[in-house]
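Student: Coordinates only, no sequence provided:
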């Protein structure tokens, strides 16, 4: 349970960083941030692996670059589900997903989890 809460907090920090750094990513409130982090974690755990498997041939043909689109789609799906969390366009979704991933990786590395 503690690991889940720690991961949720890390994703929330990454989402807050994305909302601060990327002009097209907005989070209206702290509640939207917390719920957005929870939904983003769920989408990344359940939906993104299915999308990755279904788009594997296209990802291989593009030498892995299509995986950025898969991550952006997962990020946009989470934004579509959560009121108060929005993404304006594919470019913002790609940058937002990239920032959440990098921040989550960095904090996780520093925390040792």
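Tutor: Yes, it's here. Remember, predicted model here, so these are calculated numbers, not experimental data.
Student: hang on, residue 44 packs against residue 70?
Tutor: No - between residue 44 and residue 70 there is no contact under CB atoms under 8 Å: 10.6 Å. Where you see a C-beta, it was placed from the backbone N, CA and C, and this is true even at glycine.
Student: where does the protein have low pLDDT?
Tutor: 113 (pLDDT under 70).
Student: all strands in it, in order from the N-terminus.
Tutor: Under the criterion DSSP state E, the chain contains strands at 25-27, 85-87.
Student: Remind me what the last one packs against, helices and strands.
Tutor: Using 3 or more CB pairs under 8 Å, 6 or more residues apart in numbering; DSSP states H and E as the contact criterion, the neighbours of strand 85-87 among helices and strands are strand 25-27, helix 30-42, helix 66-81.
Student: could I get the strands of the chain as TSV with distance to residue 103 and mean neighbour count?
Tutor: What follows is those, written out as TSV (distance: least, CB to CB, whole Å; neighbours: other CB atoms under 10 Å):
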stretch	distance to residue 103	mean neighbour count
strand 25-27	13	22
strand 85-87	16	22
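Student: How many neighbouring residues does residue 20 have?
Tutor: 10 (other CB atoms under 10 Å).
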